[in-house]
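**Q** Here is my input, please return the structure:
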Amino acid sequence: MANKKKSTIKDIANVLGITPSAVSKALNNHPRISQQTKDAVLQVAENLNYQPNHLASALRKGKSNLVGVIIPRASSNFFSSVIEKIEEVLNDRGYNVIIAQSNESYEKECKSIEALLFTQVDGIIASMANETVKLDYYNKIKQKGIPLILFDRGENDLNVDYVGIDDYLSSHMVIDHLVEQGCKRIAHIGGFSHTRIYKNRIRGYMDALEKYNLPFESDLIYECNLRKSDGREIMKKLLELPKRPDGVYVAGDYAALGALGVMQSQNIKIPEDIALVGFTNEPFSEIVTPSISSVEQHSEEIGRLAAETFLKRVNLPQEEVSLNKMILKPELIVRASSNRNLKLANTSR
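**A** So this is what the prediction gives:
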């Protein structure tokens, strides 16, 4: 079956016996076009199932009212919450959002950037993929003069607006808590250290161990994509060590969930034998048994600030807006997976 030809402004003009220019002005609510003509144009456009060419319109106006948002994973509640707040803020200001998912792939991320630039978006808000090391495609956005705001995962070398939490402090908060619970041999399942946020979490972990005079051992630290399967595989390796850890700090809740499942399958008591802390405070972390302690990243606030920063960039000349590096204070949510004091309180009753 042949594809039906798309209707154009010329088709509407032919039906009404007016010029394509008059149709275009009517569709754009031009004050010099009578209401009668506008109504007639809209009716014929509906009858012909006319769809405006937004790309052509953006090229003419130099503005598309579209904003691209690139995220690593849509399955993460953190990223979906950030998007929800970005959409809420930008929709109220007349912008629509185009969402692209890199699935942690550098190649897919580059293709998404190309597609968004081709679509003539007015700005891009992004969190980088784990695989991303080269910044050439992000520099291409800057070179085109398109506002670029990074959140959660971003690199200082790009010198653009950024919104995130204090990842170094997060690790100190986690290690402080685990030491308070009596842990002396703490492992870390982290993200890839070429990504700034994970590098800062690893640095915070190592400095916090030193603060408590606890040894840093290379067989207790792993870098990965922080998927559930990664957590499972790494936890198996940690449990095979001659001397097991008594605390595990995981830089993502999905990997923490995988680690939890392995410990339970081997009848390890949590948190008595091994205390566990995750990161990002995914909704499932409070409903699994035992509930998983986690770091809250304030996703809605990050989304709001990222959207508002974009609006400042497009509404004011570049020189009037200073570079924004917004670092929020994280919050450690202590739950059953690491709270040995709770276990002691329950057994003493």
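**Q** Which residue ranges of the stretch 1-150 of the chain form strands?
**A** Listed in chain order, the strands of the stretch 1-150 of the chain (DSSP state E, counting those that start in this stretch) span 66-71, 96-101, 123-126, 148-151.
**Q** what would those look like in JSON lines with mean neighbour count?
**A** For every residue, glycine as well, the C-beta is placed using N, CA and C. Putting the strands of the stretch 1-150 of the chain into JSON lines (neighbours: other Cβ atoms under 10 Å) gives the following:
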{"stretch": "strand 66-71", "mean neighbour count": "24"}
{"stretch": "strand 96-101", "mean neighbour count": "16"}
{"stretch": "strand 123-126", "mean neighbour count": "26"}
{"stretch": "strand 148-151", "mean neighbour count": "25"}
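**Q** Could you save these as TSV and add columns showing distance to Arg313 and mean pLDDT?
**A** Formatted as TSV, the strands of the stretch 1-150 of the chain follow (distance: least, Cβ to Cβ, whole Å; pLDDT from 0 to 100):
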stretch	distance to Arg313	mean pLDDT
strand 66-71	11	96
strand 96-101	16	94
strand 123-126	7	96
strand 148-151	8	95
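**Q** Pipe these into TSV and attach distance to Thr289 per row.
**A** Conversion of those to TSV gives the following (distance: least, Cβ to Cβ, whole Å):
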stretch	distance to Thr289
strand 66-71	30
strand 96-101	31
strand 123-126	36
strand 148-151	32
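**Q** so which of the ones you listed gets nearest Leu178?
**A** The minimum distance between Leu178 and those falls on strand 148-151, with 27.7 Å, by Cβ to Cβ.
**Q** So which residues make contact with that closest one?
**A** Strand 148-151 has contacts (Cβ atoms under 8 Å, 6 or more residues apart in numbering) with 82, 123-128, 138, 141-142, 158, 160-164, 302-303, 306, 309-310, 313.
**Q** ok, 7 Å please
**A** 82, 124-127, 138, 141-142, 160-164, 302, 306, 309-310 (Cβ atoms under 7 Å, 6 or more residues apart in numbering).
**Q** What of stretch 171-184?
**A** Residues from elsewhere that reach stretch 171-184 (Cβ under 7 Å, 6+ apart): 186, 201, 204-205, 208-209, 212, 214, 246-247, 249, 271, 275, 277, 295, 330, 332, 334, 338, 340.
**Q** Buried ones from those, can you make that a ChimeraX selection?
**A** Buried subset of those, written as a ChimeraX selection, criterion 16 or more other Cβ atoms under 10 Å:
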select :186,201,204,205,208,209,214,246,247,249,271,275,277,295,330,332,334,338,340
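**Q** can you tell me which of the contacts of stretch 171-184 are in helices?
**A** Counting by DSSP state H, the contacts of stretch 171-184 place Arg201, Gly204, Tyr205, Ala208, Leu209, Arg340 in helices.
**Q** Many thanks, I have nothing further to ask.
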